[in-house]
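Engineer: Next comes the sequence, and after it the predicted model I'd like to discuss.
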Number of protein chains: 2
Amino acid sequence: MDDPQPVRRPGGRSARVSAAVHQAVTELVGERGYGSFTVSDVADRAGVADSSIYRRWGSLDKLLTDVTQTRLKARSPMPDTGSLAGDLHALAANVAREITGPDGLAVLRLTVALTGNGEQGLQARDDFLAERARLLQSVLDRARARGEHPPDTLTVLDHVMAPMYIRVLFGATPLTPDYVKGLVDRLL
Amino acid sequence: MDDPQPVRRPGGRSARVSAAVHQAVTELVGERGYGSFTVSDVADRAGVADSSIYRRWGSLDKLLTDVTQTRLKARSPMPDTGSLAGDLHALAANVAREITGPDGLAVLRLTVALTGNGEQGLQARDDFLAERARLLQSVLDRARARGEHPPDTLTVLDHVMAPMYIRVLFGATPLTPDYVKGLVDRLL
DNA sequence: CACTAACGCAGAAAAAAACTGCGTTAGTGC
DNA sequence: GCACTAACGCAGTTTTTTTCTGCGTTAGTG
């Protein structure tokens, strides 16, 4: 029996639509939080027809899942400066820059929102946190291998990441380099 | 000219409806975040008729504002144990207990969600944070007056409050007393 | 260049949300 | 208690939003 097996077209226009939609979702999550917008909103923002979204993703839920998965896979580069202090400073600065940008805020928001959004949400959130922890872990491990005495993973999360996250989430001050540096220095 | 001046009835049933509605809003915010539910949702949850909400509050916005205002006014008791260490431990424990409960999570979520929800939202958020900061400030001032050397307000917020907030928001571990104690001890 | 996947447009269909009329229940003052 | 009526619940109606589909057009791909 002949199976039509349609020829996919992942390039050109399709790719642009995909990118625009992802971007739009990210922006909307950043601006209005999770679950406060519709397919039409996304389509308008992306400059795309509603039908394109419905046909490609089927529903808003599936779209959001797709976006989240994709975003969380985009990992930040792992610093390697040769010293624990250097690595931590670099890592902190990276994270600060990342969550300060509009996209980063969206991811943070998304992560918070996902907590308590059923199975799928929890999974996505755990992936995000695990990724962060793993990145940090390798920096600390490397330091230990060099004979340094790095702080605990949780300690770094609590006293470097948490303050930055909270400040961003609460829309407070803009995370100056000095501030970030101070957070790290306090642990060394 | 005669002004009817209707006789209000703040007791009994009205009070129960009011309480149920407030409770419902709090729960819904905790579960689904800000702006992801409707008047009907609230009414159903509260076991109340839609019309009761429409007539009393007029719109969902006004209802949310009302609930937020009311909640933020319910301030936590200010500890006074006689020493900086005692006060901070007590304060931290209070906050931990507060944000661990279901209502507390809702308030936290609300606060995060309010960031980027226009005028009104920002105002409510600032009120919340200001209240927290003020409470802490007075503890620190009192310590200073006794001749102790308390840490900075922001330091406490960053290294005691932020870690707890983040852990709750990210749905991680359950804030054991030992953990909370450790956060405070680290500053003294 | 032929073929057709993927798109945009416009509008129908469905769902959800907001709001209202009306009879009933139950606070409040006497 | 009793009269008075504020506040309520029920059962719609109206309005708005959101989803989804038919059809002609555009532009990847071999």
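Structural biologist: All right, it came through fine.
Engineer: Leaving out chain neighbours, which residue sits closest to A:Phe37?
Structural biologist: A:Leu28 (4.7 Å; CB to CB, 6 or more residues apart in numbering or on different chains). The way it works is simple: take the backbone N, C-alpha and C, and place the C-beta from them, glycine included.
Engineer: Can you give me the neighbour number for that neighbour?
Structural biologist: For A:Leu28, the neighbour count with other CB atoms under 10 Å in any protein chain shown is 19.
Engineer: what about it, which SS state?
Structural biologist: helix (DSSP: H, G, I helix; E, B strand; the rest coil).
Engineer: Check A:Thr173 too.
Structural biologist: Quick answer, by three-state DSSP: A:Thr173 is coil.
Engineer: Isn't it up against A:Tyr179?
Structural biologist: Yes - A:Thr173 is in contact with A:Tyr179 according to CB atoms under 8 Å; the separation is 7.4 Å.
Engineer: what's the pLDDT at the residue nearest to A:Phe37?
Structural biologist: Here, the pLDDT recorded for A:Leu28 equals 86.
Engineer: returning to that earlier point: higher neighbour count, A:Thr173 and A:Tyr179?
Structural biologist: Ranked by neighbour count (other CB under 10 Å), A:Thr173 and A:Tyr179 place A:Tyr179 first, with 17 against 10.
Engineer: helices or strands next to the helix or strand in which that one is found in the packing?
Structural biologist: Taking DSSP states H and E as the definition, A:Tyr179 sits inside helix A:177-185. Where contact means 3 or more CB pairs under 8 Å, 6 or more residues apart in numbering or on different chains; DSSP states H and E, helix A:177-185 is packed against helix A:84-100, helix A:162-169.
Engineer: and the residue lying closest to A:His149 once chain neighbours are set aside, how far is that from A:Ala49?
Structural biologist: Closest residue to A:His149 apart from its sequence neighbours, by CB to CB, 6+ apart: A:Ala143 at 7.9 Å. Distance of A:Ala143 to A:Ala49, computed by CB to CB, to the nearest Å: 52 Å.
Engineer: In terms of neighbours, single out the busier of these two.
Structural biologist: A:Ala143 (18 against 12).
Engineer: Looks like that one contacts A:Pro150 (just checking).
Structural biologist: Yes - contact criterion CB under 8 Å: A:Ala143 and A:Pro150 qualify, at 4.2 Å.
Engineer: Can you work out which residues contact both of those two?
Structural biologist: The contact sets of A:Ala143 and A:Pro150 overlap at A:Leu84 (CB atoms under 8 Å, 6 or more residues apart in numbering or on different chains).
Engineer: What is the helix or strand the residue nearest to A:His149 falls within packed up against?
Structural biologist: For A:Ala143, the host element (DSSP H and E) is helix A:118-145. Under the contact criterion of 3+ CB pairs under 8 Å, 6+ apart, helix A:118-145 touches helix A:60-73, helix A:84-100, helix A:102-114, helix A:153-156.
Engineer: Turn these into CSV, columns for mean pLDDT and distance to B:Val160.
Structural biologist: Below are these laid out as CSV (pLDDT from 0 to 100; distance: least, CB to CB, whole Å):
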stretch, mean pLDDT, distance to B:Val160
helix A:60-73, 80, 29
helix A:84-100, 92, 19
helix A:102-114, 73, 20
helix A:153-156, 93, 14
